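Asks: How does the following fold in three dimensions:
(one chain, ligands or ions: 2)
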Amino acid sequence: MAELTPPDSPHEHLIQSPDPNHPANLICELCRKFYTLGWVTGTGGGTSIRNNDHIFIAPSGVQKELMDPKDMFVMCAQKREYLRKPNFLKPSACTPLFLAAFDRGAGCCIHTHSQWAVLVTLLVERELGPQACFEIEQIEQIKGIPKGRGKSGNLGYYDRLRIPIIENTAHEEDLTDSLEEAMEKYPDAYAILVRRHGIYVWGDNVHKAKTQCESIDYILQLAVEMHKIGLPWTKSRPQRTWFGRFLDGLQRPLIY
Ligand SMILES: CSCCC(=O)C(=O)COP(=O)(O)O
Ligand SMILES: [Zn+2]
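Replies: Ligands and ions are numbered 1, 2, ... in the order given. Take a look at the predicted model:
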């Protein structure tokens, strides 16, 4: 796709490997899969992988399903300096957001423009207000999400999954401060929704980031469908008002 860094560059070996699990190959393969799910259409969304000392980043504004390993940027994880920069390309505008996830121990971060994610941010705003998180419980797929950083095991069926929501900005990179704030406020979160935009999901490694992103997308789609037929996402709302409890008593199908 791109005009390449000269092939005699000392860093070409960083993106050349016959191993399908090499990060440069894997980002391209994953983005092809994610495209079919509607996660990275129209150049939106993307994926970044940290592999020990190296961070692999896709270019900005390209069709993510058509990328080639030679299009990948490679950054030194410690110095945060680019070791490999393909000519005529810019690194993804999501780079500072991916780095925020790597700073907190992630091995892979996936950004999607899934319509389910966008719809849930709109529903939460309308039903619960601008400061609210998305919350859901008693759905089997919640078990696909870890309890939190430094905690062993995954959420259980009766645990509540909470995904914070931050407001969108005109430029992707300007999301960084609010994303980091949300990461600090919700240290157990492995995902953050961006209103009217999409979601960032990260995991300890590629396998975990991918399966967590799949579980969350499944739950977000389910949540939209549940809302359409008037089913609540949680059994009860924390800090309910007397009016909320009154409505509970009537067993009205409202979202809290
Ligand atoms: C139509 S995509 C707008 C930018 C965006 O939200 C995104 O996720 C893609 O950014 P990138 O710089 O990686 O192309
Ligand atoms: Zn985006």
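Asks: quick one: the helices in the stretch 1-150 of the chain?
Replies: Using DSSP state H, counting those that start in this stretch, the helices of the stretch 1-150 of the chain run over 23-36, 95-103, 115-128.
Asks: mind saving the C-alpha coords of stretch 156-168 as PDB?
Replies: Extracted in PDB, the C-alpha atoms of stretch 156-168 (Å, rounded to 0.1, in the frame of the first residue of the first chain):
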ATOM      1  CA  GLY A 156     -19.100 -13.800  37.400                       C
ATOM      2  CA  TYR A 157     -22.600 -14.000  36.200                       C
ATOM      3  CA  TYR A 158     -23.900 -11.900  39.100                       C
ATOM      4  CA  ASP A 159     -21.200  -9.300  38.900                       C
ATOM      5  CA  ARG A 160     -21.900  -6.000  37.200                       C
ATOM      6  CA  LEU A 161     -20.000  -5.000  34.200                       C
ATOM      7  CA  ARG A 162     -19.300  -1.200  34.100                       C
ATOM      8  CA  ILE A 163     -17.900   0.500  31.100                       C
ATOM      9  CA  PRO A 164     -17.100   4.200  31.500                       C
ATOM     10  CA  ILE A 165     -18.100   6.700  28.800                       C
ATOM     11  CA  ILE A 166     -16.100   9.700  27.800                       C
ATOM     12  CA  GLU A 167     -17.200  12.500  25.500                       C
ATOM     13  CA  ASN A 168     -15.900  12.700  22.000                       C
END
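Asks: where's that stretch relative to the chain centroid, distance-wise?
Replies: Put simply, stretch 156-168 sits 13 Å off its chain's centre (Cα atoms, centre = their mean, to the nearest Å).
Asks: what residues does it touch?
Replies: Contact with stretch 156-168 is made by 121, 124-125, 130, 132-140, 142-143, 145, 147, 155, 175, 178-179, 181-182, 185-186, 188-189, 191-197, 199, 216, 219, 234, as judged by Cβ atoms under 8 Å, 6 or more residues apart in numbering. Backbone N, C-alpha and C define where each C-beta goes, glycine included.
Asks: which among these are in contact with ligand 1?
Replies: Filtering the contacts of stretch 156-168 for proximity to ligand 1 by Cβ under 6 Å from any ligand atom leaves nothing.
Asks: Now the buried members of these.
Replies: 121, 124-125, 133-137, 139, 142, 145, 155, 175, 178-179, 182, 186, 189, 191-195, 197, 199, 216, 219 (16 or more other Cβ atoms under 10 Å).
Asks: Contact partners for Ala189?
Replies: Ala189 touches 148, 162-164, 182-183, counting by Cβ under 8 Å, 6+ apart.
Asks: can you pick the most crowded of those residues?
Replies: Among the contacts of Ala189, the one with the most neighbours (other Cβ atoms under 10 Å) is Ile163, at 25 neighbours.
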